[in-house]
Structures are given as C-alpha cells and as structure tokens.
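[1] Everything below, folded, please.
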Amino acid sequence: MPPALAALLRERIEPVADEVEAVVRGQVPEYARPDNETYGRNLRAGVVQALTLFVDHIADAHGRGDAITTTYYELGRGEALVGRSLDALQSAVRIGGLHAWRAMSRTAEELGLDSGVVAALGELAFRTVHEVAEAAAAGYAETQLRSTQELERRRRRLLHLLLDDPPVAREVVRDLAHSARWTVPRQVAVVALVATTRQGAQDRPLVAAGVLVDMDSRPPRMLLPDPDGTGPTGGRTLALALRGRPAAVGPTVPLAEAAQSLRWATRALGLMGRGVLPRHGVVRCADHLATLLLYGDEPLHGQLSARALAPLETVTEGQRARLAETLLAWLLGGSNVPEVAARLAVHPQTVRYRLRQLERLFGDALHDPGARLDLILALRARELREGAGEEG
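    Residues are numbered from 1 along each chain as shown. Have a look, this model is predicted:
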C-alpha cells in the first residue's frame with residue numbers, strides 16, 4: 001500500500017461517515033429515528049469506528065483493532081438486551097460497508113493506484129465488514145444465551161417456590177412470575193418423570209410454552225398450567241413431548257396446592273415402578289384415585305386387610321385365591337350370581353358352591369355394609385398386589 005494512502009483516507013473518515021450514515025438511515029427503517037438521540041449517537045459511533053478499523057488495517061495489516069470490534073460487540077449486546085432482532089444491525093453493516101468501499105475506492109482511483117491495489121483494498125473492506133459483523137453477532141449471541149439462562153434460573157426458582165409445602169405468599173409468586181415472564185394460571189398439575197442417567201438434549205422433554213421444568217430434581221418434574229384447558233397437555237401430545245419417558249401426572253389442583261399434586265404424582269410414580277400401576281407411558285392420577293387411596297397408608301391398610309380377610313387364612317392357598325376372587329366379584333356385582341359367573345368364566349353352580357363356603361367363613365359380615373366396604377378395600381388391594389407380583 002502507498003504510505004500516504006492511510007493518512008489520506010483517515011482525513012476523509014468524517015465526510016464518508018456522513019454519507020454512510022445517510023444511506024443507512026435511508027435503507028434500514030430501524031435506524032431512521034430522528035427522535036432517538038441515543039440510537040443516532042450509536043449509529044454515528046459505529047460508522048466512524050468501522051471506517052477507522054478499515055484505515056487502521058491499511059496502515060498496519062497485522063493490527064488487531066480490538067477496541068473497535070469491542071464497540072460492535074457492545075452494539076450486538078444492546079440489540080439483544082432490548083429484545084430486538086440482530087437483522088437491522090447486520091443490514092446496516094453490509095449496506096454501510098458497501099457504500100464506504102465505493103467512496104474510498106474513488107479516492108484510490110483519484111490517486112491513480114493500479115488495479116491490484118484497488119482489489120486488495122476491496123478485500124480489506126470485506127474483511128472489515130466481516131470482523132465488525134462477527135463482533136456484533138458474538139455480543140448478541142452471548143447476551144441472548146445469558147438472558148435465556150437467567151430466565152431458566154428464575155423459572156426453576158419459581159417452580160421450587162410453587163412446590164413448597166406450605167406454599168409461599170401469593171405476592172412472592174406474582175412478583176417472581178413477572179420477572180420470569182410466566183403467566184400465573186388458576187390451576188396446575190405436576191408431572192413426575194422417571195429419572196434417567198442420560199442427560200442428552202434428545203432426552204429432555206419438548207416443553208410447551210408456560211410449562212415449568214426441573215430435570216435436576218429427584219424425581220424430575222414439570223408443572224403444567226391449566227392442564228384441563230386447551231393447552232398441549234392432552235394424552236398423546238404429552239406422551240410425545242416426554243419422548244417416551246414414563247411419567248405420572250398429578251391431580252389438577254389450584255395453584256396454591258401444587259405441592260399436593262406433586263405428592264400424588266410422586267406416589268403414583270413409585271407404584272408404577274412396583275408394577276401396581278402401568279410401568280410405561282403416561283399415568284394420570286385422576287384415573288387411579290382409588291388405587292392411590294388404597295396405597296396412601298400401606299401399614300394401616302395392611303392392618304385392615306389382615307383383620308377383614310382373616311377367615312380366608314383357615315383354607316388352603318388354592319382355595320383362598322378362588323374364594324377371594326369370587327367374593328370380590330360378588331361384592332362388586334351386587335350379589336348377582338349369573339353376573340359373577342360370567343365375569344369369572346365359571347358355571348353359576350360353581351359360584352353358588354363358593355358362596356356357601358364364604359357364608360360359613362364370614363357369616364353375617366357378608367351382609368353388613370361396613371364389613372362389606374372393608375372387604376372390598378382389602379380384596380382390591382390384594383388383587384393389585386398379585387397383579388404387580390408382590391406378596392399378598
């Protein structure tokens with residue numbers, strides 16, 4: 001490069017900056033803001049800095065220009081912080097860079113520089129545009145990432161507060177929900193997921209808008225806003241979002257009772273692991289309330305079962321199973337022998353024979369409403385345990 005070229009172009013930075021600023025304002029609507037002095041100052045500073053970087057590269061091809069690229073890094077950050085797209089800034093860089101190159105190449109031609117030098121200047125101009133555009137993109141991307149991470153952190157904190165028992169004050173929830181950009185729903189349901197050692201992105205649920213998630217908790221959990229509304233939390237949709245991971249959906253409750261929904265979802269998840277409830281897919285607590293009630297206090301229910309079914313301990317194991325099955329079908333079938341026979345796929349006479357045995361074993365208890373309820377609870381729990389392969 002001719003030694004005087006850098007000095008000559010440096011003298012032209014201000015008038016070329018005037019041209020570039022006018023072109024950018026005319027072609028990029030976001031920068032046509034005469035009423036916004038801050039935006040105007042940033043535009044002018046950015047143009048001058050980019051032109052200075054271009055001339056500095058001419059004066060020293062190995063110069064780094066860190067201070068100038070830092071300016072564009074901060075410009076990119078500013079766009080992200082106010083929630084604007086990076087498109088306007090990138091358009092301004094490209095349009096301004098092209099116009100600046102045309103203006104400066106005219107100066108090179110006026111000096112009578114040969115085509116090789118002009119071509120080299122063109123390459124340098126594109127390099128400068130690339131550098132400042134990259135710096136702006138880096139600032140934008142890092143700020144967006146930090147903003148996203150901060151938003152996720154606030155939402156995890158909000159989820160923890162919502163699942164506290166007792167719940168925190170409504171004002172605290174409202175304030176944190178506002179800072180987390182989360183719309184407070186009337187009702188929620190909590191999903192408890194089977195934990196996995198895999199942590200890849202392909203194993204994370206596909207979270208719909210408004211769903212709060214904490215995959216680091218044990219068990220991992222999700223809070224679904226207004227689950228009984230029109231949101232994307234229906235049966236198959238939720239199963240697809242969970243990518244096949246088994247999960248239990250707690251009952252729908254008011255927001256202040258979210259901890260209760262989590263408690264029942266966690267209990268259902270434990271019963272899934274034991275095989276009492278289906279081991280795979282999405283299990284909704286609302287479909288298994290009786291089972292959850294039976295397993296709500298297992299030691300107490302064990303006491304009830306032992307007392308209610310004590311007469312069956314006097315017969316053989318084979319007889320015990322047949323009589324228990326028949327008794328439950330009879331109690332649930334309204335004492336209708338043909339219906340019981342059809343349900344058990346046996347002859348009605350067989351049912352009558354077994355009922356006579358049960359009359360001898362249980363006596364008046366078979367006709368006492370309270371005793372019948374105890375028997376139904378005990379026999380149903382026995383049936384669930386046998387279905388899960390547990391000891392009765």
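[2] how deep is Val55 tucked in, by neighbour count?
    Using other Cβ atoms under 10 Å, Val55 has 21 neighbouring residues. Bear in mind the C-beta positions are built from the backbone N, C-alpha and C, glycine included.
[3] try the one 3 residues further on
    Ile58 is flanked by 22 other residues according to other Cβ under 10 Å.
[4] same question, Arg12
    Applying other Cβ under 10 Å, I find that Arg12 has 15 neighbouring residues.
[5] Next: Gln49.
    Look at Gln49: counted by other Cβ under 10 Å, it has 21 neighbours.
[6] try Glu123
    Burial of Glu123 is recorded as 9 neighbouring residues (other Cβ under 10 Å).
[7] Check Ser115 too.
    Ser115, neighbours per other Cβ under 10 Å, totals 8.
[8] same deal with Leu53?
    Quick note: Leu53 (other Cβ under 10 Å) scores 23 neighbours.
[9] Next: Asp165.
    10.
[10] quick one: contacts for the closest residue to it other than its chain neighbours?
    Using Cβ to Cβ, 6 or more residues apart in numbering and skipping the chain neighbours, the partner closest in space to Asp165 is Ala259 (3.8 Å). Contact partners of Ala259, counting by Cβ atoms under 8 Å, 6 or more residues apart in numbering, are Leu162, Leu163, Asp164, Asp165, Pro167.
[11] Relative to Asp216, how far out is the fourth one?
    Between Asp165 and Asp216 the distance, using Cβ to Cβ, to the nearest Å, works out to 19 Å.
[12] where do the strands sit along the stretch 151-300 of the chain?
    Along the stretch 151-300 of the chain, the stretches classed as strands by DSSP state E, counting those that start in this stretch are 187-193, 212-214, 221-225, 247-249, 253-254, 282-284.
[13] And Phe362, how far from Val346?
    20 Å.
[14] can you check Arg221 too?
    From Arg221 to Val346 the distance is 46 Å (Cβ to Cβ).
[15] could you redo the strands of the stretch 151-300 of the chain as JSON lines and give each row mean neighbour count, mean pLDDT and distance to Ala290?
    Putting the strands of the stretch 151-300 of the chain into JSON lines (neighbours: other Cβ atoms under 10 Å; pLDDT from 0 to 100; distance: least, Cβ to Cβ, whole Å) gives the following:
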{"stretch": "strand 187-193", "mean neighbour count": "25", "mean pLDDT": "92", "distance to Ala290": "19"}
{"stretch": "strand 212-214", "mean neighbour count": "21", "mean pLDDT": "89", "distance to Ala290": "29"}
{"stretch": "strand 221-225", "mean neighbour count": "25", "mean pLDDT": "91", "distance to Ala290": "23"}
{"stretch": "strand 247-249", "mean neighbour count": "26", "mean pLDDT": "92", "distance to Ala290": "15"}
{"stretch": "strand 253-254", "mean neighbour count": "16", "mean pLDDT": "92", "distance to Ala290": "18"}
{"stretch": "strand 282-284", "mean neighbour count": "21", "mean pLDDT": "91", "distance to Ala290": "13"}
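[16] Out of those, which gets nearest to Glu386?
    Evaluated with Cβ to Cβ, the strands of the stretch 151-300 of the chain place strand 282-284 nearest to Glu386, the distance being 19.3 Å.
[17] Now do the buried residues in the worst-scoring helix or strand of the chain on mean pLDDT.
    Sorting the helices and strands of the chain by mean pLDDT, DSSP states H and E puts helix 235-241 at the bottom, at a mean of 70. Neighbour-count burial for helix 235-241, counted by 16 or more other Cβ atoms under 10 Å, picks out Leu238, Ala239, Ala241.
[18] ok, now how distant is the first one from Arg157?
    By that I understand Leu238. Distance of Leu238 to Arg157, given as Cβ to Cβ: 24 Å.
[19] for the second one, same thing?
    As defined by Cβ to Cβ, Ala239 lies at a distance of 28 Å from Arg157.
[20] where's the host helix or strand of Arg320 relative to the chain centroid, distance-wise?
    Assigned by DSSP states H and E, Arg320 falls within helix 317-332. How far helix 317-332 lies from its chain's middle: 47 Å, per Cα atoms, centre = their mean, to the nearest Å.
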